[in-house]
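1. Sequence first, then the predicted structure:
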Protein chains: 2
Amino acid sequence: MQFSSSLLEQAVNEFAKLPGIGKKTALRLVLHLLKAENSAVQGFGETMIRMRNEIKFCQRCHNVADADICSICANSMRKHELICVVESLREVIAIESTQQYSGVYHVLGGIISPLDGIGPDQLNIETLVSRVRKEHTQELIFALNPNIQGDTTIYYIQKKLQDANVRITTIARGIAFGGELEYADEMTLARSITNRMPVESYRTGG
Amino acid sequence: MQFSSSLLEQAVNEFAKLPGIGKKTALRLVLHLLKAENSAVQGFGETMIRMRNEIKFCQRCHNVADADICSICANSMRKHELICVVESLREVIAIESTQQYSGVYHVLGGIISPLDGIGPDQLNIETLVSRVRKEHTQELIFALNPNIQGDTTIYYIQKKLQDANVRITTIARGIAFGGELEYADEMTLARSITNRMPVESYRTGG
């Protein structure tokens, strides 16, 4: 692309660095900002800079926070003896959006993946183990993606906590509500038959 | 979506204001910025603010510019007696990217569209007319989208310049190179037969 303004070119290049944004989309976004009010663009730029500089990570669960402790950990109405273990804050947002979970979280910051050079030491596993022992946690619910790395991570943490009196569970796997049996993959379909559940619990959603 | 940080929420909302960016994409982009270096995010935000505050519009052709006159108008190697009339700077970028055009431009800032309340007075038509008279322009090439509004705009400007000694042309319409005849719309196919051209000009690229 040929630009007659280096300011325009720089702005397009900055947008094009973002994942999934190509040059044409970047140009469309920049032309939108060019038509917007000065104050709106000022707000856009400053919000990004402030977000990056001022955002904190909760000292207890490693979720993003505006203070030292995140709003979920600081909420005394939540069940603090129930911890949902997730890979990143993406899953925290997804689970919170269901408005069905009343426990707290622990963000690992990744999963054990030797091929990518990610070992247990790079993740927030030590803090989880000491947290479970100190807070007398009753249950850890693992909400990790169903793959080898996720299973390895669960196994590693389970070993570390085998002497602690904590129940370890994982979120239910099966055919999605609204999912067609015919299009389900074989692994999911096979597991959903093995792990079949009583009709009563299905009906009540329990 | 439920966020545990208002800084994060604000950043997602700012991105989601951009055209074609939904909440999920906005979250993906913000999480990318959250992982990036502080200085990179600082650069991103400041580039947008600086672009909006400092960008200028060329006093001659209304294209975006870093100075009072854009780099195309300031280039003495270009043919200043040949003006390509376009709707917006998007078309300037598209035509410049072909590296086949050596004339200059005039950006109208829109096209005449009574249904959208856009009349000739809101466009850069007066400056085009006075420019043609003052600069003794030899040819105006209209590169507008082929619809009623585009045709109206060409007709209006042509009327304004009927006493001036200027050749008025429009970019060639026809079947695109690589386009299949069978999928061409009837209007384009019919026009491309009416406006057929000698094989020699086709072979040499005309």
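-> Received, thanks. Numbers count the residues shown, from 1 in each chain, chains lettered A, B, ... in the order given.
2. Please count neighbours and contacts with C-alpha atoms only from this point.
-> OK.
3. Any residue of the longest strand along chain A touching chain B?
-> Longest strand of chain A, by residue count under DSSP state E: strand A:79-86. No. If you take C-alpha under 8 Å from any C-alpha of the partner chain as the test, strand A:79-86 misses chain B, and the best it gets is 14.9 Å.
4. Check the spacing between the closest residue to chain B within chain A and B:Leu27 real quick.
-> Closest to chain B within chain A is A:Gly45: 3.9 Å, counting by C-alpha to the nearest C-alpha. Going from A:Gly45 to B:Leu27 by C-alpha to C-alpha, to the nearest Å gives 16 Å.
5. care to break chain A down by domain?
-> Here the domain parsing of chain A from automatic domain parsing is A:6-54, A:77-171.
6. Show the end-to-end separation of the shortest one, please.
-> Spelled out, that is domain A:6-54. Taking C-alpha to C-alpha as the criterion, the two ends of domain A:6-54 lie 30 Å apart.
7. Figure out how far it is from the centre of its chain.
-> Chain-centre distance of domain A:6-54: 26 Å, with C-alpha atoms, centre = their mean, to the nearest Å.
8. I'd like the mean pLDDT over it, please.
-> What domain A:6-54 shows for mean pLDDT is 94.
9. Quick check on A:Arg196: phi, psi?
-> Geometry field for A:Arg196 lists phi and psi as phi -60, psi 150, criterion degrees, to the nearest 10.
10. mind listing the helices for chain A?
-> Listed in chain order, the helices of chain A (DSSP state H) span A:6-16, A:23-35, A:38-54, A:89-98, A:126-135, A:148-160, A:186-194, A:199-203.
11. Contact partners for the closest residue to the residue of chain A closest to chain B other than its chain neighbours?
-> Nearest residue to A:Gly45, sequence neighbours excluded (C-alpha to C-alpha, 6 or more residues apart in numbering or on different chains): B:Gly45, at 3.9 Å. Residues near B:Gly45 by C-alpha atoms under 8 Å, 6 or more residues apart in numbering or on different chains: A:Phe44, A:Gly45, A:Glu46, A:Met48, A:Ile49.
12. one more time with 7 Å
-> For B:Gly45, the contacting residues are A:Gly45, A:Glu46, A:Met48, A:Ile49, by C-alpha atoms under 7 Å, 6 or more residues apart in numbering or on different chains.
13. ok, residues contacting stretch A:181-195?
-> With C-alpha under 7 Å, 6+ apart as the contact definition, stretch A:181-195 has outside contacts at A:Gly174, A:Ile175.
14. Let's see that with 10 Å instead.
-> Applying C-alpha atoms under 10 Å, 6 or more residues apart in numbering or on different chains, the set of residues contacting stretch A:181-195 from outside is A:Ala172, A:Arg173, A:Gly174, A:Ile175, A:Ala176, A:Arg196.
15. Give me the helix or strand of chain A that scores worst on average pLDDT.
-> The weakest-scoring helix or strand in chain A, judged by mean pLDDT, DSSP states H and E, is helix A:199-203 (a mean of 65).
16. Let me know whether A:Leu123 touches A:Val129 as I believe.
-> No. Contact criterion C-alpha atoms under 10 Å: A:Leu123 and A:Val129 do not qualify, at 11.7 Å.
17. Point me to the residue sitting farthest from the middle of chain A.
-> With distances taken as C-alpha atoms, centre = their mean, the residue sitting farthest from the centre of chain A turns out to be A:Ser4, at 42.0 Å.
18. Who are the contact partners of the closest residue to that residue other than its chain neighbours?
-> Nearest non-adjacent residue to A:Ser4, counting by C-alpha to C-alpha, 6+ apart: B:Ser71, 5.7 Å away. By C-alpha under 10 Å, 6+ apart, B:Ser71 lies in contact with A:Phe3, A:Ser4, A:Ser5, A:Ser6, B:Cys58, B:Asn63, B:Val64, B:Ala65.
19. All set, thanks.
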